[in-house]
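A.B. asks: Turn this into a structure:
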Amino acid sequence: MGHLIPAAGKGAEPGREGARTSGVAPRLHERAFDILAAQIVSGALRPGERLLESRVAERFGISRAPARQALARLEQLGLVRRAEGHGFVVELPIGPVPDFTQQAPAADIHLAPESTWERIYKEVEHEVVTRSAFGSFRVVENHLAAAYGVSRTVAREALSRLHQRGVVRKDARQHWYAPALTPAYVAELFEMRAILEPAALRLAAPRLPPATLAALRGNLADAMAAPEAVDGARLSALEEELHISLLGHCGNATLMDALSTYQTLLVALTFLYDAAARAPGVEPFLIEHMDVAERLAAGQAEAAVEALKSHLDGSFARAMERLERVRQAPAPGPLPYLSPL
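C.D. replies: You can find the predicted model right below:
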């Protein structure tokens, strides 16, 4: 999953769950922790720089869970502190700290995000959608800018992108808000997907590069062969591989723009898969995706369209069940830029 440089073998350090065993590869969060700690102690990451969980995960090629663990352990050692609003801020080490310099990567990894809307988009998208399972929220633009330490122009651009994806809307007074994922709203989303996605697949089928279809089938086969190793982030990527990447070969940009507005739930999949307990075994949608892919590979475009329709029917029922399970869990904490409606 990750492609981190293995940490050098060192003994147990403060903040570790125990000493490493020689010859055993460290866990993802340990490797991320080692490199970040080394960069902070060496000065490569300067005091005052902000570390966002989503950016750490992206830079290291890992999911949010190990990134969160790595940051929590850095906080325990006093190498970072929680920032006002969001993320963590690098702290100047006080007192003796373990020597992490041998863990530093050969190539510097700059974790400070770019000064554009892209630097906050993924995290804001995740935070807003996860709370949409619990209700509707007004999104306050200037509070969003303050929470991430960006200009209102950057915050507005991020919200505009969320609007394009259907994650947020504007009310009659031109205020941003995130609609709740109520049963009625989810039903509307799936109704539109049931109309648009089969049309996109019909157009995409004759245009699909063989390599694209082969990669889709291979990725599905790998996930089905080892379901216990498939986390929420990978399931989300597999969903997007069919519903966004493959359908994107339809050649109709207007159709894909319309379709993306109704695929809001795809944005939430990582959270929903991780937050709602899953039954052991292969996730049902993987089998359904493979059915679509196999029919496409056999040149049976209309059969593939029918398989996609059946898959969307099953996905709607499962989405409703998953949302209900998520609502039974504690709601995520408040954020300064979201006000309940």
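A.B. asks: so where do the helices sit in the protein?
C.D. replies: Secondary structure of the chain (DSSP state H): helices at 28-42, 53-60, 64-76, 118-132, 141-148, 152-164, 183-204, 210-225, 232-240, 253-261, 264-275, 284-297, 301-328.
A.B. asks: any idea how far residue 255 is from the spatially closest residue to residue 132 that is not a sequence neighbour?
C.D. replies: What sits nearest to residue 132 in space, not counting adjacent residues and going by C-beta to C-beta, 6 or more residues apart in numbering, is residue 181, at 4.9 Å. Heads up, the C-betas are built off the backbone N, CA and C, glycines and all. Taking C-beta to C-beta, to the nearest Å as the measure, residue 181 falls 24 Å from residue 255.
A.B. asks: who has more neighbours, those two?
C.D. replies: More neighbours surround residue 181 than the other of residue 181 and residue 255, with 25 against 18 (other C-beta atoms under 10 Å).
A.B. asks: For residue 317, which residues are in contact?
C.D. replies: Listed by C-beta atoms under 8 Å, 6 or more residues apart in numbering, residue 317 has no contact partners.
A.B. asks: Could you list the low-pLDDT ranges of the stretch 51-200 of the chain?
C.D. replies: Applying pLDDT under 70 to the stretch 51-200 of the chain picks out residues 85, 93-115.
A.B. asks: Which pLDDT does the model give the residue nearest to residue 138 when sequence neighbours are not counted?
C.D. replies: Spatial nearest neighbour of residue 138, excluding adjacent residues (C-beta to C-beta, 6+ apart): residue 339 at 4.5 Å. In this model, residue 339 is scored at 95, pLDDT.
A.B. asks: Next, the buried residues of stretch 295-309.
C.D. replies: By neighbour count on 16 or more other C-beta atoms under 10 Å, the buried set for stretch 295-309 is 295, 296, 301, 304, 305, 307, 308.
A.B. asks: pull the CA atoms of stretch 126-141 into CSV?
C.D. replies: C-alpha atoms of stretch 126-141 as CSV (Å, rounded to 0.1, in the frame of the first residue of the first chain):
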residue,chain,number,x,y,z
HIS,A,126,-14.1,14.4,3.7
GLU,A,127,-15.1,16.3,6.8
VAL,A,128,-18.3,17.8,5.2
VAL,A,129,-19.5,14.5,3.7
THR,A,130,-18.9,12.5,6.9
ARG,A,131,-21.1,14.9,8.8
SER,A,132,-23.8,14.9,6.1
ALA,A,133,-24.8,11.4,7.3
PHE,A,134,-26.0,13.1,10.5
GLY,A,135,-27.7,16.2,9.2
SER,A,136,-27.5,19.4,7.1
PHE,A,137,-24.9,22.1,7.8
ARG,A,138,-24.3,25.6,6.7
VAL,A,139,-20.7,26.1,5.5
VAL,A,140,-19.3,29.4,6.6
GLU,A,141,-16.8,30.6,4.1
